[in-house]
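sequence unknown, structure follows:
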């Protein structure tokens with residue numbers, strides 16, 4: 001579900017969700033102005049959601065302020081509780097606001113130790129994850145890299161080798177978050193020795 005106050009963006013998204021097709025008369029040649037004609041204006045796909053998805057999305061929009069407040073509170077607690085650890089925390093541009101759909105941190109060790117941290121978190125029931133793996137690391141791109149002059153993207157590779165996303169969602173309880181912080185702190189302190 002997308003919301004926008006831009007008429008131009010709305011029209012483009014409406015076309016893209018329907019294979020790039022428009023039934024608007026102004027987009028068809030003079031001889032094809034009948035209602036049953038349509039024109040393909042750009043590459044799109046079938047991005048239409050079901051009625052059930054739309055109903056769920058509408059009900060979720062009514063709760064968005066509550067969800068956002070919960071995510072901001074969780075991010076704030078993470079930031080305060082983890083600031084002393086050897087890692088980079090997410091930073092906001094002054095005056096910016098984040099949706100906090102992720103809480104990515106970057107540990108200051110190589111990938112093998114990052115993977116140890118993720119394994120240990122998972123072993124304690126904490127579903128840490130990777131967001132996002134660098135594009136050049138995917139098989140699809142690795143096979144095309146040298147044929148098309150594709151670069152290795154060293155900064156993306158460095159980020160990808162250190163990134164860990166901690167659980168953040170509106171239903172994360174205070175106890176669950178304390179558990180995440182405790183296990184994460186213990187694991188990082190173990191790695192610092």
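Now that the structure is in, tell me what you want to look at. Note that the structure is a prediction, hence the values are computed from the model and not measured.

what's the burial count for the residue nearest to residue 185 when sequence neighbours are not counted?
Leaving out its chain neighbours, the residue that sits closest to residue 185 by Cβ to Cβ, 6 or more residues apart in numbering is residue 85, at 6.6 Å. Every C-beta, even on glycine, is put in place using the N, C-alpha and C of the backbone. A count of neighbours around residue 85, defined by other Cβ atoms under 10 Å, yields 19.

likewise the one 10 residues further on?
Residue 95 is flanked by 5 other residues according to other Cβ under 10 Å.

same thing with residue 87?
19.

likewise residue 114?
Other residues close to residue 114 by other Cβ under 10 Å number 22.

any idea how far it is from residue 129?
For residue 114, the distance to residue 129 (Cβ to Cβ, to the nearest Å) stands at 12 Å.

what's the overlap in contacts for the two?
Common neighbours of residue 114 and residue 129, using Cβ atoms under 8 Å, 6 or more residues apart in numbering, are residue 164.

my guess is the residue nearest to residue 185 is in a strand, correct?
No - read with DSSP: H, G, I helix; E, B strand; the rest coil, residue 85 is coil and lies in no strand.

and it, backbone torsions?
Residue 85 has phi and psi values of phi -90, psi 160 when expressed as degrees, to the nearest 10.

which ones are touching it?
Residue 85 neighbours (Cβ under 8 Å, 6+ apart): 184, 185, 188, 189.

I'd say the second one and residue 82 touch.
I take that to be residue 185. Yes - judged on Cβ atoms under 8 Å, residue 185 makes contact with residue 82 at a distance of 7.3 Å.

moving C-terminal of the helix or strand of the chain with the lowest mean pLDDT, what's the next helix or strand?
Sorted by mean pLDDT, DSSP states H and E, the helices and strands of the chain end with helix 139-142, the least confident at a mean of 69. Remark: after helix 139-142, the chain's next helix or strand is helix 154-162, criterion DSSP states H and E.

average pLDDT across that next one?
For helix 154-162, mean pLDDT is 86.

for it, buried residues please.
156, 157, 159, 160, 161, 162 (16 or more other Cβ atoms under 10 Å).

please name the nearest non-neighbouring residue to the second one.
Closest residue in space to residue 157, ignoring its immediate chain neighbours: residue 134 at 5.1 Å, by Cβ to Cβ, 6+ apart.

picking up where we left off before, who's more crowded, residue 185 and residue 82?
residue 82 (18 against 14).

mind listing what the more buried one touches?
Per Cβ under 8 Å, 6+ apart, neighbours of residue 82: 89, 105, 181, 184, 185.

which among those residues end up buried?
Of those, these count as buried by 16+ other Cβ under 10 Å: 105, 181, 184.

can I get the residues you listed in JSON lines including distance to residue 120 and pLDDT?
Output for those, formatted as JSON lines (distance: Cβ to Cβ, whole Å; pLDDT from 0 to 100):
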{"residue": "105", "distance to residue 120": "15", "pLDDT": "95"}
{"residue": "181", "distance to residue 120": "14", "pLDDT": "96"}
{"residue": "184", "distance to residue 120": "9", "pLDDT": "92"}
